[in-house]
Structures are given as C-alpha cells and as structure tokens.
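> I'd like to go over a predicted model; first the sequence, then the structure.
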Amino acid sequence: MLQREHCCTIEYDGYLVHGSENSNDRDVLYYILDPKPFPSFQQCSEFCRTVKININHDDDEANSSSLVPNDNNHGREVVEENRNICLIKDGYIVQIYKGNEDEANNALLRTYPLHLKEQEYENPVKYSMERVCILKIIRTCRALLTWFTKNKHRGTIKKALRSHDFNEYLGVLKNVVDISNQEFYKLISNKDAIKSLAFQLGQTIALIRGIEVYTKNEISELFPELSDMLTRREFTTETFDILNKYKNELVAHLACVKSFKLTNTSWDIFFCDSNDPSFDDRLLLCQQLNGVVIDMKVGVEFCIFFPHIPRTPLNPNVLFAFYSVTEEHTNNKKIHYWMCKDYTKNNFENHFEVFVQTHSKQDLLDALREEIVKSVNYDLVFDISNGMRVIGKRHKLSHKTVTV
C-alpha cells in the first residue's frame, strides 16, 4: 500500500499518477469528490510543496512508496513528487490548485493509462472538456515574461504583468523578449527550466493548431527540434536560438488576436480580426475567439466566459458580447453586456448597465432580440434562446449550456 504523511492535513478521496511516461519526477494529482469543500489556498500551498518519496521496486511490494527522510532511503529509488489537488464533480475537474481545469482534466484522461501499474485508485474523471486555447496562451506568455523579470527590462515587464492587459503582454514579448540573447542564456542555466520552457511553447503552439499534447514524447513527435530540451540533454547557444524561434512563431500566430481590457476590472475580452494575414479559420484559436472573457490576474488566470457559437460572416470590425452569472451569496442574476462598434478604434461600450437595474431580465432579452433583428452591424450574435457555455470559472463551473 502507498503510505503518505503530510505536514498539512487535507482529507482527500484518492490520488492519481499522471504525466509523461518517461518523466524524471512523479506527478500526482490528489482529488476531492464533490460535495466536499475545496481547501483554502494556504492549505493547498502547504500540501502541494514538492517532496521526495522512496519507491520500493521489490516484487513483493511493487509500486509501494513512502515519505521518509532523504538520508534514510535504504537503497530504494528517491524521486520528487510534484503534487496538485483538485475537486471533481460529475466526472469533470471543476476546481484545481495549480493550472487550469480544462487542461488538467484532459491531461489526466490522456496520461492516467500510462501509469496503470502505479495507480491505486480508479480515475474518477470520465469526460473530456473543450480546451480554452487563449487561456493556455495567456499563461504561457506570462511564464515567458516572468523569466525575464530578472534582467534589465524588469520594470517594463513588471508593468506589463500588472496591467492585466494582453496587448501589453504581446508588445513586450514581441519587442523586448529575445530568448537568443546572451543575457537570457545567463538567466536560465539549468535543464529543468529549459525543459519547462520547451514543453510550454510546444504544447501551446500545438493547441493553437487544435492538437492536444500532454507528454514529452507527443511534443517531440510534433516538434523534433525540442526533443533534446525535453529530455534534459546538454544545451548550447543553439538551444536558445531554437526556443526564440518557437517564441516568435507563437507571437506570429497572435497577430490576429484583438483584445480589450474592460474598465475597472482585470478582465480582457478576446476576438479575432479576420482581415489580419495571420487569421486562419482552420486554427482552433481563430475558431474560438468570438468574445471569450479571461480574468488576467497573474497566477490565477481563468476563463470567465466562453461563447460556444460559430463566427458569422458580417462586418468583421464590430462585435456584440453578452454574459450573465448568478451571484454566489444573493442568488441574484447579474448581467454584463458589452458592445463593440469598432474594435480597430477600441470603441467598447456598456449600453445596458442602467437598463438592467430598472427592467426585468425578460425585458433585457426582448431588447437584445430587437436590436439583433434590426441591425446588421454586428459580426457576432450569441444565441440567446440556447444560452451559453461557461468553461473554467472557479467555484461556479458549468460544462452544460446555461440558459439565460
């Protein structure tokens, strides 16, 4: 049996080994089943600190491991256990401490079978989620920027990260971040950091193309140039030239991305400019950006709103966005409504802020339908009758259509 001791006590229901089949460390996802409450941030932080465990490979105790002091391993293999913890409901990961729910959910489905000999619990995650491509991109861009906060551009990069504005991120990535620069070579001098950077770049570019990859082998197959980095082989200056090449490819894909920061929030709303040369409707990124709203808080980025609708062939310079949520404590329906008449001029307006305070929800829906019928100036209209899908919203996650 697997025996574990923790400095922080969390009542979990089980744990699952996941990740690459040839990983040097051990990725373990502990899970709690709904309706049990999710631990506090502090509890998760203490619980998920990386620890070293001893694995016994004896035939009689195959796959058994225990937490023991590093100087008392009795000849057993010592590996690092990278922990995470999540909440599972109705076969989905609905809350997670590190990372995004959609990525963790699908990665577990894909990589759990790679470690069957080590598993002591059946996988309670049963269904895949639709990936939110821009959310993955944001986290990768933030990670890239964070690496550079130790050099002479620290002030510029810190300002961009604090802005919660994706346009600021892109500007710095394009004009400041040069991974091939010798200064960066000095900043990143260990194989683990190089491996992590290569993994994130490869995984993100693949997802932009609509390909989900979750292991080093899968990424290496798609991008052979990254293979040596992913397997932590010795690196040279050419290593950084290759990484910079992939960084530039990522930035090039994002030329068609248009984002606007919503006033007095940390939220950005995203869509695509179909007139930009980089726009390609075969890419998952371009298919999804029809008014996705992301909370850009550094380190806790998540999807507020994910419209599950096709792009319409109307004027590409205008956009209509609609979002509603039930407040947790009051159970009241709060409605957010944005309309962009010309995103090339950053002309975003909130037309219904006063309206929804004095009229019923039905009045609002009637008004929206009337506006939709009489106007052809919107490149996007959400299907009001069928509602919308929300993916990735912490505490209020829903994988089903929510009617409004």
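That came through, no problem. Keep in mind it's a predicted model, so treat the numbers as computed, not measured.
> now the helices: where do they sit in the stretch 201-350 of the chain?
216-222, 227-230, 237-253, 284-288 (DSSP state H, counting those that start in this stretch).
> doesn't K216 make contact with N24?
No: shown here, N24 and K216 do not form a contact pair, counting by CB atoms under 8 Å, at 10.0 Å. Any C-beta I mention is one placed from the backbone N, CA and C, and that applies to glycine too.
> higher neighbour count, these two?
K216 (23 against 12; other CB atoms under 10 Å).
> and the more buried one, what does it touch?
Contact partners of K216, counting by CB atoms under 8 Å, 6 or more residues apart in numbering, are 20, 22-23, 195, 199, 230-231.
> and the gap between it and L250?
As judged by CB to CB, to the nearest Å, K216 and L250 stand 19 Å apart.
> can you check I179 too?
11 Å.
> which one of those two has more residues nearby?
More crowded of I179 and L250, by other CB under 10 Å: I179, with 23 against 19.
> leaving aside the residues next to it on the chain, what's closest to the more buried one?
Leaving aside its sequence neighbours, I179 sits nearest to N244 (CB to CB, 6 or more residues apart in numbering; 3.9 Å).
> Equivalent analysis for D34, please.
Per CB to CB, 6+ apart, closest to D34 is K89, 3.7 Å.
> And that neighbour, how close does it get to N181?
Taken as CB to CB, the span from K89 to N181 is 46 Å.
> before we move on, back to that, if the residue nearest to D34 is in a bridge, with which residues?
Y92 (DSSP bridges).
> residue ranges with poor pLDDT in the protein?
For the chain, applying pLDDT under 70 flags the ranges 1-8, 50, 52-78, 187-189, 263, 305, 307-404.
> related to what we said a few turns ago, is it possible to export the helices of the stretch 201-350 of the chain to CSV including distance to L161?
Conversion of these to CSV gives the following (distance: least, CB to CB, whole Å):
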stretch, distance to L161
helix 216-222, 26
helix 227-230, 25
helix 237-253, 17
helix 284-288, 22
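> Quick one, which of those helices gets closest to N100.
Shortest distance between N100 and the helices of the stretch 201-350 of the chain, using CB to CB, is found for helix 284-288: 14.3 Å.
> in the stretch 51-200 of the chain, which spans are strands?
51-56, 64-66, 77-89, 92-96 (DSSP state E, counting those that start in this stretch).
> Give me the contact list for the last one.
Taking contacts as CB under 8 Å, 6+ apart, the residues outside strand 92-96 that touch it are 31, 34, 38, 84-88, 101, 104-105, 108, 125-127, 129, 394-395, 397, 399.
> of those, buried ones?
Using 16 or more other CB atoms under 10 Å as the burial test, the contacts of strand 92-96 include 31, 38, 84-88, 101, 104-105, 108, 125, 129, 394, 397, 399 as buried.
> So which of those is the closest to D281?
Each of these was scored against D281 by CB to CB, and M129 proved nearest at 22.2 Å.
> Near the closest residue to the closest one other than its chain neighbours, how many other residues are there?
Counting by CB to CB, 6+ apart, M129 lies nearest to D102, which is 4.3 Å off, once chain neighbours are set aside. Counted by other CB under 10 Å, the residues lying close to D102 total 27.
> Then L16?
Here the count is done by other CB under 10 Å, and L16 has 22 residues near it.
> who's F306 bridged to?
According to DSSP bridges, beta-bridge pairing links F306 with R389.
> Give me the distance between it and V292.
6 Å.
> intersection of neighbour lists for those two?
The contact lists of F306 and V292 share V132, where a contact means CB under 8 Å, 6+ apart.
> circling back to that earlier point, was I right about the residue nearest to D34 contacting Y31?
No: if you go by CB under 8 Å, K89 and Y31 don't touch, sitting 10.6 Å apart.
> List the residues that contact the nearest residue to H18 once chain neighbours are set aside.
Ranked by CB to CB, 6+ apart and with sequence neighbours excluded, the top spatial neighbour of H18 is T111, at 4.5 Å. Contacts of T111 were listed using CB under 8 Å, 6+ apart, and they are 18-21, 214-215.
> Got the phi and psi for the closest residue to C272 other than its chain neighbours?
Leaving aside its sequence neighbours, C272 sits nearest to L289 (CB to CB, 6+ apart; 4.4 Å). Main-chain torsions, L289, degrees, to the nearest 10: phi -80, psi 80.
> Tell me how many other residues surround L289.
23.
> what residues are up against it?
Per CB under 8 Å, 6+ apart, neighbours of L289: 134, 257, 270-272.
> change it to 10 Å
By CB atoms under 10 Å, 6 or more residues apart in numbering, the residues touching L289 are 133-134, 256-259, 269-273, 279, 283, 307, 311.
> Same question for D192.
Residues in contact with D192, defined by CB under 10 Å, 6+ apart, are 24-25, 232.
> is it possible to export those residues to JSON lines including distance to H115?
Listed next are the contacts of D192 as JSON lines, based on distance: CB to CB, whole Å:
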{"residue": "N24", "distance to H115": "14"}
{"residue": "D25", "distance to H115": "13"}
{"residue": "R232", "distance to H115": "20"}
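> Nearest to E120 among those?
Among those, and counting by CB to CB, the member closest to E120 is D25, at 18.5 Å.
> Quick check: phi and psi at the closest one.
Here D25 shows phi and psi, under degrees, to the nearest 10, equal to phi -110, psi -170.
> ok, back up a step: isn't the residue nearest to M129 right next to F306, touching?
Yes: look at D102 against F306 with CB atoms under 10 Å: they come within range, at 9.4 Å.
> Helix, strand or coil: sort out Y30 for me.
For Y30, the assignment made with DSSP: H, G, I helix; E, B strand; the rest coil gives strand.
> need the contact list for it.
Counting by CB under 10 Å, 6+ apart, Y30 touches 4, 6, 10, 12-16, 39, 44, 47-48, 83-86, 97.
> picking up where we left off before, what sits in contact with each of I179 and L250?
In contact with both I179 and L250: 144, 201, using CB under 10 Å, 6+ apart.
> thinking again about what came up before, find residues that contact each of N24 and K216.
Joint contacts of N24 and K216 (CB under 10 Å, 6+ apart) are 195, 231-232.
> Can you tell me which of these are buried?
By 16+ other CB under 10 Å, the shared contacts of N24 and K216 give K195 as buried.
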